Structures are given as structure tokens and as C-alpha cells.
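1. Okay, predicted coordinates and the sequence, questions at the end:
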Amino acid sequence: MRLFLVLLIGLALGCGGAVAWWLNEPLTLATPTVDVAIEPGNSAREVAQAVHEAGVAVNPTLLHAWFRLSGQSRLIRAGSYELDRETNPRTLLQKLVRGEEALRSVTLVEGWTFRQVREALGRAEQLKPDSQSMTPANIMHQLGKPGTPAEGHFFPDTYTYAKGSSDLAVLRRAMLAMDRKLDAAWSLRSPQSPLKSPHEALVLASIVEKETGAPGDRAQIAAVFTNRLLLGMRLQTDPTVIYGLGESFDGNLRKKDLLTDTPWNTYTRSGLPPTPIAMPGKAALLAAVQPAAAKSLYFVARGDGSSQFSTTLDEHNRAVNKYQRGQ
């Protein structure tokens, strides 16, 4: 009986050691990394089978038994997971329970147009191009804002997503982020601001974003346009003209372009254009609603990214001669 007990204990220890070894031994993968998709509602057995079928050399029955014996099989989350050659059965279960999905990211840059946003989404790795065949109007309808122009209504930032996610999901997050940022900025607007709505603030912020070379100039540039709006002067800003030219713009803005009327030509039309011309960032939004306390009506690029601001046309002409013509 004593010998039997010794053998039984030895057998138990051996089995326990084998199980511990197996739980911590890296799984054998068919490729350096393997993608595993777990669908909502999958049972622990189906999850084990999905891991095996994805290219992991593991017995699905044994893996299912581990899931069940761990007591965490019902905590496994749906998602897209990436396994590497360091993954073992123990870390695999941890990943599935924690929902540590394989994430990718896409960056939307301040000053980008919606066309550039769509191009970036189209290049993004493992992102489903659900919106690529849609018009901007259809996209906004899908996002729950029919009739709202797509331009400028997405916040520039870096967005992470699970592999296989829809680009519409990324756009929805960027749209909601812009809604929050715009609402926050609008609540801080100056009492003297001529802006009548958050939409107008977004339009002005987009112009400020495109006109700013040095971050420290944003509030001053916003002051120039705010002062012009208060006086009824035309904004006369080149980026709006370029936006109105669309894909016909070849990189060289000519005098005839400034005279060609479009809804966005602020040389031929007074007030703000009908839509934003790009995505403004947080700093541009705040500058639009809280411009600098300055009387400037003009500015010209100095050539180093910063701008020279002037109150009168004579001052402006002298600045143009100095910084643009070298006189």
C-alpha cells in the first residue's frame, strides 16, 4: 500500500509537471505570426478549433480542456488576435480573456482635406475599405449626419483599430472626437466674436489651420480674419481659393485663379466660405474662438514659417516688399 501511494504521488507529480511544461511551452505556428478571429458567441470548443485552424499546431481537444479547467472559458472575448512564436497556452488564454486584440493605427494629420483622409484610410493596414465606394454625402449619411459636409468634420489624431475593422468605425470615432472638441471650443468663445455658430467656428478654424506656418501665430492669424469679418472686409485668403479649384489646382496659384469665382473664393465673395477647407486641430479651434487682442488686418509670410502682421495697408505693402520681394 505504501509503495502504491508513492507511485500514485509520483504519477500525479509527473502529470502535473507535464501539464505545467505544456502550458508554458511556446506553441508551434505555421508562420511567424498567426491571426485568429473569434466571433461573438463562439464557445470555448469553437475557439480552440479556430486557433488550430488558423495555423497553430495544437490539439484543439487538449486546448479546449485547458480553457475549461482554467475556469475562464466563459470570459473569452470576441475579436481579432495576433499570435507570435512566444505565445504559449497560458499566455494565449490571458490574451483571449483580456481582449488583447491585434491593433493597428492610422494617423489623420491637421490640415488634411477629406480626400487626404480617405487616401490614408485606403492605405491603412488591415482596415476594411467599406467607405471607399461611397460618396462623401453617403458616408455622412452612414455616420448619422445626413446633409452635413464631410470636409473638416473629423478630428486629426492617431486612431487605433482591431485588424479587420471597418474604416467607417474609424471615421465615426474621428467625427465624434471633432464634435466634442468643437463643442468645448465654442463654449469658450470670446463675447466679441462675430461667429454665429459652431459651424462658422469650424470653418474659420480650418482657414487658420491652413494659413499657419508657426504655431505661435495661430491666434494672431485668427485675429486678422476676425477683424475683417467685423469690418465686412473680404477675407482674401489663398487656401480657400485653392480648395475651390479642387483637383484642377496644379500647385501654382495664378491671378486668374483669384478672379475665378467659386463658393470658396474669398477674393470674390464676402464672409466665410460655406464649408471648412480642411481638418483643424485643437489649437486652431481655440484660436478661432479666442483670437489675439490685436487690430491687425494683414499678414505676410516672412519665409521662415512665421508671419509679419500689419494694421494698415501701407505697413502691409512694406512688409510684402521686404519679405516677398526682397526690397
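-> All right, it came through fine.
2. Wait, residue 209 touches residue 111, no?
-> Yes - counting by C-beta atoms under 8 Å, residue 209 does reach residue 111; the two are 5.0 Å apart. Placement of C-beta: from N, CA and C, glycine included.
3. So for these two, which sits in the more crowded spot?
-> When neighbours are counted by other C-beta atoms under 10 Å, residue 209 comes out ahead of the other of residue 209 and residue 111, with 27 against 18.
4. and for the helix or strand containing that one, what are the contacting residues?
-> Here residue 209, judged by DSSP states H and E, is contained in helix 198-211. Contacts made with helix 198-211 from outside it, assessed by C-beta atoms under 8 Å, 6 or more residues apart in numbering, are listed as 110-111, 151-153, 178, 182-183, 185-186, 189, 195, 218, 221-222, 225-226, 235, 237, 239-240, 272-281, 284-285, 287-289.
5. Let's see which of these end up in helices.
-> Cross-referencing the contacts of helix 198-211 against helices under DSSP state H gives 178, 182-183, 185-186, 218, 221-222, 225-226, 239-240, 284-285, 287-289.
6. Buried subset of the residues you listed, written for ChimeraX?
-> Here is the ChimeraX command that selects the buried residues among these (16 or more other C-beta atoms under 10 Å):
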select :178,182,185,186,218,221,222,225,226,239,240,284,285,287,288,289
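7. how about the strands in this protein?
-> According to DSSP state E, the chain carries its strands in the segments 33-38, 79-84, 103-107, 127-128, 158-162, 165-166, 298-301, 307-310.
8. Now render the ones you listed as JSON lines, adding mean pLDDT, mean neighbour count and distance to residue 49.
-> Rendered in JSON lines, the data for the strands of the chain read as follows (pLDDT from 0 to 100; neighbours: other C-beta atoms under 10 Å; distance: least, C-beta to C-beta, whole Å):
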{"stretch": "strand 33-38", "mean pLDDT": "89", "mean neighbour count": "17", "distance to residue 49": "11"}
{"stretch": "strand 79-84", "mean pLDDT": "90", "mean neighbour count": "20", "distance to residue 49": "15"}
{"stretch": "strand 103-107", "mean pLDDT": "93", "mean neighbour count": "15", "distance to residue 49": "25"}
{"stretch": "strand 127-128", "mean pLDDT": "94", "mean neighbour count": "20", "distance to residue 49": "24"}
{"stretch": "strand 158-162", "mean pLDDT": "93", "mean neighbour count": "17", "distance to residue 49": "21"}
{"stretch": "strand 165-166", "mean pLDDT": "92", "mean neighbour count": "18", "distance to residue 49": "24"}
{"stretch": "strand 298-301", "mean pLDDT": "94", "mean neighbour count": "19", "distance to residue 49": "63"}
{"stretch": "strand 307-310", "mean pLDDT": "94", "mean neighbour count": "21", "distance to residue 49": "63"}
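9. can you tell which of the ones you listed is closest to residue 262?
-> Nearest to residue 262 among the strands of the chain is strand 298-301 (23.1 Å), distances taken as C-beta to C-beta.
10. Point to the helix or strand of this protein where mean pLDDT is at its lowest.
-> For the chain, scoring each helix and strand by mean pLDDT, DSSP states H and E identifies helix 2-24 as the least confident one, at a mean of 61.
11. Fine by me, thanks again.
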